[in-house]
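>>> sequence and predicted model, in that order:
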Number of protein chains: 8
Amino acid sequence: VRTGYPEVIYCAGKTPEQIVGILRNMLARGTRNILGTRLSQEAFEKIAPELEGCPLQYDPLSRVLVVKREAVEMPETHILVATAGTSDMPVAEEAAITAETFGNKVERIYDVGVAGIHRLLSYTDRIMSANVVIAVAGMEGALPSVLGGLVDKPVIAVPTSVGYGANFGGLSALLTMINSCASGISVVNIDNGFGAGYLASMINRMPMQR
Amino acid sequence: VRTGYPEVIYCAGKTPEQIVGILRNMLARGTRNILGTRLSQEAFEKIAPELEGCPLQYDPLSRVLVVKREAVEMPETHILVATAGTSDMPVAEEAAITAETFGNKVERIYDVGVAGIHRLLSYTDRIMSANVVIAVAGMEGALPSVLGGLVDKPVIAVPTSVGYGANFGGLSALLTMINSCASGISVVNIDNGFGAGYLASMINRMPMQR
Amino acid sequence: VRTGYPEVIYCAGKTPEQIVGILRNMLARGTRNILGTRLSQEAFEKIAPELEGCPLQYDPLSRVLVVKREAVEMPETHILVATAGTSDMPVAEEAAITAETFGNKVERIYDVGVAGIHRLLSYTDRIMSANVVIAVAGMEGALPSVLGGLVDKPVIAVPTSVGYGANFGGLSALLTMINSCASGISVVNIDNGFGAGYLASMINRMPMQR
Amino acid sequence: VRTGYPEVIYCAGKTPEQIVGILRNMLARGTRNILGTRLSQEAFEKIAPELEGCPLQYDPLSRVLVVKREAVEMPETHILVATAGTSDMPVAEEAAITAETFGNKVERIYDVGVAGIHRLLSYTDRIMSANVVIAVAGMEGALPSVLGGLVDKPVIAVPTSVGYGANFGGLSALLTMINSCASGISVVNIDNGFGAGYLASMINRMPMQR
Amino acid sequence: VRTGYPEVIYCAGKTPEQIVGILRNMLARGTRNILGTRLSQEAFEKIAPELEGCPLQYDPLSRVLVVKREAVEMPETHILVATAGTSDMPVAEEAAITAETFGNKVERIYDVGVAGIHRLLSYTDRIMSANVVIAVAGMEGALPSVLGGLVDKPVIAVPTSVGYGANFGGLSALLTMINSCASGISVVNIDNGFGAGYLASMINRMPMQR
Amino acid sequence: VRTGYPEVIYCAGKTPEQIVGILRNMLARGTRNILGTRLSQEAFEKIAPELEGCPLQYDPLSRVLVVKREAVEMPETHILVATAGTSDMPVAEEAAITAETFGNKVERIYDVGVAGIHRLLSYTDRIMSANVVIAVAGMEGALPSVLGGLVDKPVIAVPTSVGYGANFGGLSALLTMINSCASGISVVNIDNGFGAGYLASMINRMPMQR
Amino acid sequence: VRTGYPEVIYCAGKTPEQIVGILRNMLARGTRNILGTRLSQEAFEKIAPELEGCPLQYDPLSRVLVVKREAVEMPETHILVATAGTSDMPVAEEAAITAETFGNKVERIYDVGVAGIHRLLSYTDRIMSANVVIAVAGMEGALPSVLGGLVDKPVIAVPTSVGYGANFGGLSALLTMINSCASGISVVNIDNGFGAGYLASMINRMPMQR
Amino acid sequence: VRTGYPEVIYCAGKTPEQIVGILRNMLARGTRNILGTRLSQEAFEKIAPELEGCPLQYDPLSRVLVVKREAVEMPETHILVATAGTSDMPVAEEAAITAETFGNKVERIYDVGVAGIHRLLSYTDRIMSANVVIAVAGMEGALPSVLGGLVDKPVIAVPTSVGYGANFGGLSALLTMINSCASGISVVNIDNGFGAGYLASMINRMPMQR
Ligand SMILES: Nc1ncnc2c1ncn2[C@@H]1O[C@H](COP(=O)(O)O)[C@@H](O)[C@H]1O
Ligand SMILES: Nc1ncnc2c1ncn2[C@@H]1O[C@H](COP(=O)(O)O)[C@@H](O)[C@H]1O
Ligand SMILES: Nc1ncnc2c1ncn2[C@@H]1O[C@H](COP(=O)(O)O)[C@@H](O)[C@H]1O
Ligand SMILES: Nc1ncnc2c1ncn2[C@@H]1O[C@H](COP(=O)(O)O)[C@@H](O)[C@H]1O
Ligand SMILES: [Mg+2]
Ligand SMILES: [Mg+2]
Ligand SMILES: [Mg+2]
Ligand SMILES: [Mg+2]
Ligand SMILES: [Mg+2]
Ligand SMILES: [Mg+2]
Ligand SMILES: [Mg+2]
Ligand SMILES: [Mg+2]
């Protein structure tokens, strides 16, 4: 049952009171590290005063809460999180913070969409040195295809709901990614940064877990 | 009424007899050049013997028929037709032959999908020298986005029905292209090589037509 | 790299502070002309006082911001922007102001939907004299087909989200335009006035840029 | 219980034997006029020899069978059937023959799609003189909008499955027609020529039936 | 040119000021009767004081405004408006008031959905006496099929967005109606009471207009 | 686990050889009764000679195979299978034969679509006497709503792929049924006669199984 | 006409005044038990003071109102309501309270999604002892398939709109359930707890009603 | 650039002649191992005689061709390929043979759909011992969710087009998988066994490649 891992709370649809209850319960059971996703700023502000003494880090961009009371052993290899645009950053940070909290080094390269291919390629060395790649993109969602062609490492594609018109809330980017010609690519749900970060961590930490 | 231009026959859903009738009628009216699209090999073989003496060129890959009896004056600038895969070639050739028949120089760069970005970029000089770009792609349909970012010329994106599974007969590629972040891109119907070739010709020949 | 062109800011999803930062940065780098799209009235009102001395023009209908400090050389030919209804005007103005800011003469003919074909045709002379046409329509989206049949110039079709019921946020108009029988038509994303204006400018200014 | 009307057989999915059985049964009951729709040429050829002595008229284009043994009284006013393209003719003829068999004068104007608006308008007098209009179109399906704007009579819009790519088997044309801005338009199922012809007849014959 | 008819204003997306302007303009031109659709209560309350002396009738349920200063001659026959549920009444009233304003007697039978078939059939006599039927239904949208089978008069089917879950904003009801087996049925856009009322009036008033 | 029940083979996608193998295996294990669904006529003709001595009943309409070597005890109550059209009969018979083979009396009322409501209601007594109702319909799929309103017993709705145009392979009927206002209705997959027959049997045989 | 049963009010889209009116009317007619669904907290608070003396129970989670003035005779057997997650509880409670109000014992097992199969299976005995199962799930909607395989009793599957991204408001879960391989499963509308509870009651109470 | 790996040919849409050409070219360049996917039996039979002397293994179920002339070093850990039904085997074998050809031990567990959860769980030990899991399922596609909950290893979900009715060619299974609540799951295209096998190999061979 995943010892050493943080416990996770998916806060969407939970009241601040419920979240405080779950947190207290986890802390009482001795859980050292906790990750809370989809927590609104308002909810965090109601929660914080209730948990004095507990080290809460909240990131308003990704709406992620981290309780980190114990260092987690980390592999040497690292995970790369790349985004097509700046608007994809909330999802990317959900992925990055998830991976970090589960015990991984994470490198970020943001705003490197394929419409500016030379900018993307200027990061080739850093891209090639990653052990797992998380590629986050909305609108046409083409970034994972280009990255999947560059690296011979797993690429986890995260479609985002960023865009307008015929993006259909991220469906367009999802279809692009599922149809990718590049090999080594697989896809998670629209805006599911957590799922991508968790899977990337699982792959990156494989040598430590066997 | 577009003088100088070839006349066009859209052969899908027409019988060989109907097509022969239309061709004879055009020839009788003095039409010098004719373009027939979506003509099956079988239909062509029934048509050819009926029109002896008339110079028919048939391309089985794109299913295009050309009657060329008069040279068309051409602009110096040229059109580039690029495809992501080899399976996109029938649509690309429909575009290329259309553009040629309407009086344009056409350069072809095929099988340069974004999953092999270095192969695509090895053609940068040839890409940059084009006056109009036609980008043909199925599956994830990401090629126009990369080309649109490279060039500062109009890019006509043609989604194809190439692919399987969640490509939904080309809808996936169409949505990718419509949502492209790169500027200067516009989109025609799935597999509509003719439409792309015609529009590219219209843009490329603008200085000659004013 | 597009010298002479304005720089562009896509303001959707950016805070007023971020936009002020980007604007100051551009002005500091010596950028003469700037176009900002999708800027809400509220955001503009927060931005204006921060940039005193800089000539800001804001159009609340299209939510476009223009900084114009230098005239741009213009071709003789002009772009026509036509709409089916009055509700399509915000998108049309985004296109028109974009084209003007990039250095083009623009003519507007609004509320000429195909359900009133004689009204549309009463503008035939003005329609025929354009070098590029931008056709903006929601609901059934039929305007580009009629215009594409009238003119022998490129028609850029812009579907809008105007309508209700089975318009599906503009998808219905998008499909109409993509399936158009008229030749010389291509399509951009739903409500993407900027994309249409940019592409129209690119085509109209071709003789000046070669 | 619709006296005077023909009886109708929808032949799709019925064997020739079943159809012969139904026809014999109707004839035995004294039915004077019969309309059979969606009858394939092969099926007709098996049926014909079984029903010698009965006046069978079969139209292979629309796949309609008519048994007409009695004239039907007709109103003075007539129904117009118009199509956008020649490929829409099978559906249009299903509508036209249905209306004729139910006792109506029918005028046909085919291949008058909106991309050639002057050709369509050259028929204005004939269009204006109709009492009910059936507008048949595939691809972008814009014809009913233009006709609905011209006439002040009911326009029955029939989307067809004609087209390719993003026409989605007629869905694109159906959505166009349902979203039409012109008033006086209503829509039947894709390729449902019979339904349009029946409804048009019902409206046109109203003064005779009250 | 529709003499005798009211003029129509589609108020959605227009400001109260714009609507006052259009109304004043129509009144100044001598228009006797006016119909305004999709006018919110708030907008009406801003408009009313500006048009003192002009007889404004506003119906908050259907959000329809009527200016009636002149009686319109009416045919003997009448139009029936039926709804499946009480939630469909706003759309039904838009249809009914439209038909009345254009000069028709209208009978209403509401809340007679097919899940209570005996209640529906208890109105058989009133249903059979109508000259045109408008059938308004959301959710499964089955009412027009049953009515279409009962009467031998045109049935105009209006899908509504009433429902939840897999009703997809009225798409489910629209598809039901378009696929109806009953003959004499045609369909207008989701929630388009105006369109149905206008078309019903056109058919019902045919003998008066010839 | 399910003693007394027949064993079931879903034959779609299995070769005749595989089916013979499964049948022999079941017979060898002592299975008395067997139901095979989706078995083509061709496959049956290859299977029959291989299983001489075993009593095979094959119904080509529903493509169902039954091996019945033992009577199954039956409850007094019965299941009603109703269809909207005759084209829905293959699916209805799959349901009916399934229910019979699992030990139930089944009554059939076919071709009672809601467009002929009086014909449907002429069977009211027989409808009211059923213990479970299976309502099978394609196109607009409205039959279950009417039946669900009539009876106070469970109605299992089976959408069929019968129809054309906007029926989208049965999706239209599925949506109609899922959105039904009548209570006591639930839905199985398009064309899933087996699933409906099995569930109806489970409900009807409840008193025997407790 | 369902004697003994509660009367039901679907409160969505009704004003508090209308609901009070309907309630008073029912009470005046002597109705003993009443079930109101989809009633918001705000509406309840306006209704309660108007109905003093009448025993109103309101559940804010499921938004269900119950008036229970008379015990209903209950069968020995019971209904199980299971959910995949805690966010599915509002829909599950609508189902459970409906079934209880119509006279059934209900057991609840919540938060037993298939991603934690051992937790689900730890309830096997309680699952196996139910007479009818209601399985409520959003996101991937897989719970009914597992339950349908475990039990040989009817499983009513309720898709919920819980989830994000490609859940499309519950469509994803609906499709999963409709395509289930397990037999004995049928499906109701997204979030339709009432429909599931009503149908489960109908099946569970069958021995009492014959 | 992927040394040691086999080269891959995607044979769909290529003629036997083209495939022979590509194979000869690869062999001439010294490629030791080759994988060909989507090769029909007919095409294989035309190819085989042309390549005598070369060790061709063809699997008609998965339509995969393997040329294996050199052993590939393998990691100790292995990949598990599981399917929900027997009809999913072609896709599963494409995945399994791909993984084997790229140098991995593969274990297969087929026909363990979630509707028979005890059968699936009887393989728990073998499931838990895998290093990477490929879960292949059509229809409701729930298998990956259950497996993802059981194992703490990456699960690659492959939707298949197996099923009928509302499976929409695999879209239903794809949506189920993308919406999975279990963590560690990612998804590839419908029927994309190759993509899953390739990605699984990449992950499983990570320790060998660093
Ligand atoms: N952003 C997210 N999207 C989807 N699933 C999540 C997300 N964050 C957490 N989860 C999952 O939710 C589970 C916790 O759910 P809960 O018990 O409702 O708090 C975790 O184990 C994760 O698998
Ligand atoms: N309305 C618009 N829709 C889509 N793209 C736009 C729009 N306005 C500007 N853009 C694009 O956005 C880019 C600037 O994006 P950013 O760097 O995020 O401000 C420009 O170069 C344009 O290509
Ligand atoms: N509810 C409605 N839905 C659709 N079209 C309408 C509606 N009400 C009015 N219209 C149409 O809108 C036209 C007036 O539009 P406008 O000129 O924008 O006020 C009328 O002639 C009608 O054809
Ligand atoms: N027509 C059908 N549609 C859906 N499922 C069926 C059908 N016929 C049989 N089944 C199911 O298929 C199972 C047998 O599948 P199999 O083991 O592949 O033969 C049975 O237990 C039924 O649950
Ligand atoms: Mg790769
Ligand atoms: Mg560009
Ligand atoms: Mg044109
Ligand atoms: Mg009109
Ligand atoms: Mg009728
Ligand atoms: Mg009922
Ligand atoms: Mg079961
Ligand atoms: Mg897991």
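Yes, it's here. Since we're looking at a predicted model, the values are computed, not measured. Residues are numbered from 1 along each chain as shown, chains lettered A, B, ... in the order given. Ligands and ions are numbered 1, 2, ... in the order given.
>>> so what's the residue nearest to residue A:38 when sequence neighbours are not counted up against?
In space, and not counting its chain neighbours, residue A:38 is closest to residue A:12: 4.0 Å by C-beta to C-beta, 6 or more residues apart in numbering or on different chains. To be clear about C-beta, it is placed using only N, CA and C from the backbone, and glycine gets the same treatment. Residues in contact with residue A:12 (C-beta atoms under 8 Å, 6 or more residues apart in numbering or on different chains) are A:37, A:38, G:164.
>>> one more: residue A:198?
A:98, A:99, A:102, H:183, H:184.
>>> the fourth one reaches residue H:151, doesn't it?
So the one you mean is residue H:183. No. Residue H:183 is not in contact with residue H:151 according to C-beta atoms under 8 Å; the separation is 10.8 Å.
>>> re earlier: which of the contacts of residue A:198 are close to chain E?
By C-beta under 8 Å from any C-beta of the partner chain, no member of the contacts of residue A:198 lies near chain E.
>>> could you point out which of those residues is nearest to chain B?
residue H:184 (21.8 Å; C-beta to the nearest C-beta).
>>> returning to what we had before: confirm the residue nearest to residue A:38 sits in a helix?
No. Read with DSSP: H, G, I helix; E, B strand; the rest coil, residue A:12 is coil and lies in no helix.
>>> any idea how far ligand 6 is from it?
Separation of residue A:12 from ligand 6 (C-beta to the ion, to the nearest Å) stands at 39 Å.
>>> any idea how far that residue is from chain B?
Relative to chain B, residue A:12 is positioned 26 Å away (C-beta to the nearest C-beta, to the nearest Å).
>>> next one: that residue from residue G:139, what distance?
12 Å (C-beta to C-beta, to the nearest Å).
>>> now do residue A:85
For residue A:85, the distance to residue G:139 - C-beta to C-beta - is 27 Å.
>>> who has more neighbours, those two?
A direct count of neighbours by other C-beta atoms under 10 Å in any protein chain shown for residue A:85 and residue G:139 places residue G:139 higher, at 31 against 22.
>>> now that one: how far from residue D:120?
51 Å.
>>> looking at chain A, which helix or strand does the model trust least?
The helix or strand of chain A with the poorest confidence is helix A:206-209; it has a mean of 85 (mean pLDDT, DSSP states H and E).
>>> right, is that helix up against chain H?
Yes. With C-beta under 8 Å from any C-beta as the measure, helix A:206-209 is seen reaching chain H through A:206, A:207, A:209.
>>> would that helix count as contacting ligand 12?
No. Using C-beta under 5 Å from the ion, helix A:206-209 stays clear of ligand 12, with a minimum separation of 12.5 Å.
>>> mind listing what the residue of chain A found nearest ligand 3 touches?
Nearest to ligand 3 in chain A, going by C-beta to the nearest ligand atom, is residue A:165, at a distance of 22.3 Å. Neighbouring residues of residue A:165 by C-beta under 8 Å, 6+ apart: B:178, B:179, C:159, C:161, C:169, C:170, C:174, C:189, C:190, C:191, C:192.
>>> Three-state assignment for the closest residue to it other than its chain neighbours, please.
Once flanking residues are discounted, residue A:165 sits nearest to residue C:190: 3.2 Å by C-beta to C-beta, 6+ apart. What three-state DSSP gives for residue C:190 is coil.
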